[in-house]
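Trainee: only geometry, no sequence info:
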């Protein structure tokens, strides 16, 4: 069932693991008298109910399969939980044991998918709160978001791999509500004392009484960066008559794929580009002239968390742009009318949506907060006869920076394992990666290296059963066409911020490797241990899990 919210927001429902999350973990408990809620649970859950969110429980109860308690005893435990914590809108129980091969026992996604159906929504509009890696894995494999609240039994590797970690249940709920409010201009609240910057009177769809004229939006970075900004740009487009996107040459191909963009200006920004040349006065003069010709009524400058919007804001001020919004931790003086701040770790698309909301823009009710491409792009020819029947697996071995790429020999072993498991495999890559894709494909897979411009690659990914890819642009392209992702994620940047967004995903790789959070372009650790030790069988298992 498709969700139809009354206003744009991230979540319709919050799902909870039972033991260790809502109540203290008593192994195989069939006694209601042993139920003890975790501290603060009732107040936190009532806060979610008051916000209009539906609540569900998704719990593995292998004690049923083992005969350690009956269904009647389990029902009595659940009745006691509701007596102490209030009513839940859905209870989803897996009664199986690990060896039963079911599709509902976490980390399989079956319980999360079933809960979403029962609650009248889709997994992408759910967030699951749990205490172990199985909970996180089930949520991600279903396409939901996941919050890990560690306990004494949570392993360090599970904490390292989790996209979102909270110290306790009330903290998890508070952050869910904050994120929910942050992407909606109606509920967005700037920190006390912050200048409103002209936000008064703005609602979804533009200024009160009509749409804004021309808005300049900016994301000068790579393909993946431009793609993850798409929801924020669509929000602006819903309230503007015309949207002009300024991007760099590395992201231009993605800019042409985004809905809501009327014109693209391509220009390299020396304070953003990772390989900048010297600052050239004539070049900046030319940029200033091009931007002046846009005659923008206002500007929304989207950046990543380590980039500054202030140099561009200064240029825009010199050409008379009177309303500028951006995220900035640095003091902006008079350069910004709306200085927005976002906590670290928030997913990049959410980060962009929250900036749009701070500027008064939101997605319309019919537009789900997901990555999306222009629909006409998916209607076109495919580059190989083997792709006419969907259901193949795509392996994309390259990455925009070396530190995020899985070693070629490991990718070749993954292709061999997938074909041995009966999958049809297609290997993709950029023109400069033809030698790499030929090696990885060998005589086992279809090699499309250098044969798929970005729009054509989107069509290839749309027909795939799953995409096996590192943290690079095609991972976000797969998310934009709704294809599940097996993410070979090097932890140089946070997975919660840069992982594939609101699409079924399984994360593989060593999340605690020495390169963690270094933002390195070249691997700082000998032999690339975060991905070099990956077992190809894990990829086969991940695709089986996504299809469970």
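Mentor: Yes, it's here. Please read all numbers here as calculations on a predicted model, not as lab measurements.

Trainee: ok, and for stretch 380-389, which residues are buried?
Mentor: 382-383, 387 (16 or more other Cβ atoms under 10 Å). For glycine as for every other residue, the C-beta is placed from the backbone atoms N, C-alpha and C.

Trainee: nearest to residue 220, of those residues?
Mentor: The nearest member of the buried residues of stretch 380-389 to residue 220, counting by Cβ to Cβ, is residue 383 at 29.8 Å.

Trainee: ok, the closest one to residue 169 distance?
Mentor: According to Cβ to Cβ, to the nearest Å, residue 383 stands 50 Å off from residue 169.

Trainee: same for the one helix or strand residue 179 maps to, what does it pack against?
Mentor: According to DSSP states H and E, residue 179 maps onto helix 169-182. If you count contacts as 3 or more Cβ pairs under 8 Å, 6 or more residues apart in numbering; DSSP states H and E, helix 169-182 packs onto helix 41-50, strand 126-130, strand 145-148, helix 348-358.

Trainee: what's the angle from that helix to strand 126-130?
Mentor: 160 degrees (axes from the mean of the first three to the mean of the last three Cα atoms, to 10 degrees).

Trainee: mean confidence (pLDDT) on helix 169-182, please.
Mentor: Mean pLDDT, computed over helix 169-182, is 96.

Trainee: and it, how far from the chain's centre?
Mentor: Mean-position distance between helix 169-182 and its chain equals 17 Å (Cα atoms, centre = their mean, to the nearest Å).

Trainee: what angle do it and helix 348-358 make?
Mentor: Angle, helix 169-182 to helix 348-358, by the same axes, to 10 degrees: 60 degrees.

Trainee: quick one: contacts of helix 169-182?
Mentor: For helix 169-182, contacts defined as Cβ atoms under 8 Å, 6 or more residues apart in numbering pick out 9-11, 14, 21-22, 38-41, 43-45, 47-48, 51, 53, 127, 129, 147, 149, 164, 166, 187-189, 342, 346, 350, 353-354, 357.

Trainee: and if you look at stretch 504-514?
Mentor: The set of residues external to stretch 504-514 that reach it, using Cβ under 8 Å, 6+ apart, is 109, 123, 137, 140-143, 156-157, 160-161, 163, 484-491, 495, 499, 524-525, 529-531, 533-534, 538-539, 542, 545-546.

Trainee: shaky segments in the stretch 1-150 of the chain?
Mentor: Along the stretch 1-150 of the chain, segments meeting pLDDT under 70 span 1-8.

Trainee: repeat that for 90
Mentor: Along the stretch 1-150 of the chain, the parts satisfying pLDDT under 90 run over 1-9, 99, 101.

Trainee: tell me which stretches of it form strands.
Mentor: Using DSSP state E, counting those that start in this stretch, the strands of the stretch 1-150 of the chain run over residues 13-16, 54-60, 90-94, 126-130, 145-148.

Trainee: select, out of these, the one closest to residue 295.
Mentor: With Cβ to Cβ as the yardstick, what comes closest out of the strands of the stretch 1-150 of the chain is strand 145-148 (39.6 Å).

Trainee: from the contact counts, what lies against that closest one?
Mentor: Against strand 145-148 (3+ Cβ pairs under 8 Å, 6+ apart) you get strand 126-130, helix 133-142, helix 169-182.

Trainee: got the contact list for the shortest one?
Mentor: Strand 126-130 is contacted from outside by 10-17, 20-21, 58, 106, 112, 115-116, 119, 135-136, 138-139, 142, 144-149, 166, 169, 172-173, 176, using Cβ under 8 Å, 6+ apart.

Trainee: look up how far residue 124 lies from residue 374.
Mentor: Noted for residue 374: a distance of 20 Å to residue 124, by Cβ to Cβ.

Trainee: give me the more crowded residue out of those two.
Mentor: When residue 374 and residue 124 are compared for neighbours, residue 124 comes out ahead with 23 against 14, by other Cβ atoms under 10 Å.

Trainee: what sits against the more buried one?
Mentor: Counting by Cβ under 8 Å, 6+ apart, residue 124 makes contact with 143-144, 368, 370, 502-503.

Trainee: could you dump those residues to a markdown table with distance to residue 75 and neighbour count?
Mentor: Formatted as a markdown table, the contacts of residue 124 follow (distance: Cβ to Cβ, whole Å; neighbours: other Cβ atoms under 10 Å):
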| residue | distance to residue 75 | neighbour count |
| --- | --- | --- |
| 143 | 30 | 26 |
| 144 | 26 | 28 |
| 368 | 36 | 17 |
| 370 | 37 | 19 |
| 502 | 34 | 23 |
| 503 | 35 | 23 |
